[in-house]
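Colleague: No letters, just coordinates:
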């Protein structure tokens with residue numbers, strides 16, 4: 001058994017902003033509610049040409065397909081909202097909003113880049129942190145198995161984060177942390 005204090009200490013040492021742990025039973029209840037909404041959304045064609053969403057649907061709403069003896073999920077947030085230099089990417093330029101022009105390129109043209117895209121690929125950075133967490137868990141108990149996901153996998157990280165209490169769904173469909181807003185990445189570790 002891993003103590004919550006030691007898990008909290010390790011996650012803090014890895015510089016995650018916040019986290020929560022939720023049982024598979026709670027996850028399954030939440031996913032059942034969202035699966036019907038997702039099916040209607042896809043049937044209406046709202047997924048456009050993102051056919052992978054439909055292909056991954058069964059795994060998306062049935063985490064036991066990825067980790068058959070799943071017992072719980074650790075959901076983690078990585079904040080990138082202060083400034084690009086404080087993001088998990090570890091740097092970047094200070095991206096100021098530039099006045100909108102007539103869209104004609106010029107020698108001095110520059111674009112506005114999304115805050116999260118200002119540095120290295122966050123998927124790779126956060127995946128390394130998840131691997132570190134997974135190894136730490138396995139050092140605590142050699143029987144632990146994990147499945148890791150950083151928003152490009154088939155898991156519904158936003159639903160998991162909402163269910164564990166790390167935020168709520170806003171009108172913009174993003175997960176909102178009431179204290180900080182929506183500038184964070186969501187990652188998860190399924191655990192047996």
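Modeller: Done, it's in. Every value quoted in this text rests on a predicted model; they were computed, and no experiment measured them.

Colleague: how close does residue 123 get to residue 76?
Modeller: 14 Å (Cβ to Cβ, to the nearest Å). The C-beta positions use only the backbone N, C-alpha and C, and glycine is treated the same way.

Colleague: out of those two, which sits in the more crowded spot?
Modeller: For residue 123 versus residue 76, neighbours defined as other Cβ atoms under 10 Å are more numerous around residue 76 (27 against 14).

Colleague: Name the spans of this protein whose pLDDT lies under the cut-off.
Modeller: Applying pLDDT under 70 to the chain picks out residues 82-109, 152-154.

Colleague: can you pull out the helices in it?
Modeller: For the chain, applying DSSP state H gives helices covering 4-13, 24-43, 51-55, 57-61, 122-140, 157-164.

Colleague: Deepest-packed of these, please.
Modeller: Mean neighbour count (mean count of other Cβ atoms under 10 Å) peaks for helix 157-164 among the helices of the chain, with a mean of 22.

Colleague: Tell me which other helices or strands that one touches.
Modeller: Under the contact definition 3 or more Cβ pairs under 8 Å, 6 or more residues apart in numbering; DSSP states H and E, helix 157-164 sits against strand 18-23, helix 24-43, strand 72-79, strand 168-169, strand 175-176, strand 184-191.

Colleague: let's see it at 6 Å
Modeller: strand 18-23, helix 24-43, strand 72-79, strand 175-176, strand 184-191 (3 or more Cβ pairs under 6 Å, 6 or more residues apart in numbering; DSSP states H and E).

Colleague: Okay, angle between it and strand 18-23 too, please.
Modeller: 80 degrees (axes from the mean of the first three to the mean of the last three Cα atoms, to 10 degrees).

Colleague: List the beta-bridge partners for residue 75.
Modeller: Beta bridges link residue 75 to residue 20, residue 188 when assigned by DSSP bridges.

Colleague: give the contact list for it.
Modeller: 20, 160, 161, 164, 188 (Cβ atoms under 6 Å, 6 or more residues apart in numbering).

Colleague: can you rerun that using 7 Å?
Modeller: 19, 20, 22, 160, 161, 164, 166, 186, 188 (Cβ atoms under 7 Å, 6 or more residues apart in numbering).

Colleague: Residue 126 now?
Modeller: For residue 126, the contacting residues are 78, 88, 150, 185, 187, by Cβ under 7 Å, 6+ apart.

Colleague: just residue 144 next, same as before
Modeller: 137, 138, 191, 192.

Colleague: gap between the first one and residue 165?
Modeller: What it means is residue 137. Look at residue 137 and residue 165: by Cβ to Cβ, they are 21 Å apart.

Colleague: go on, the third one?
Modeller: If you measure residue 191 against residue 165 using Cβ to Cβ, the figure is 18 Å.
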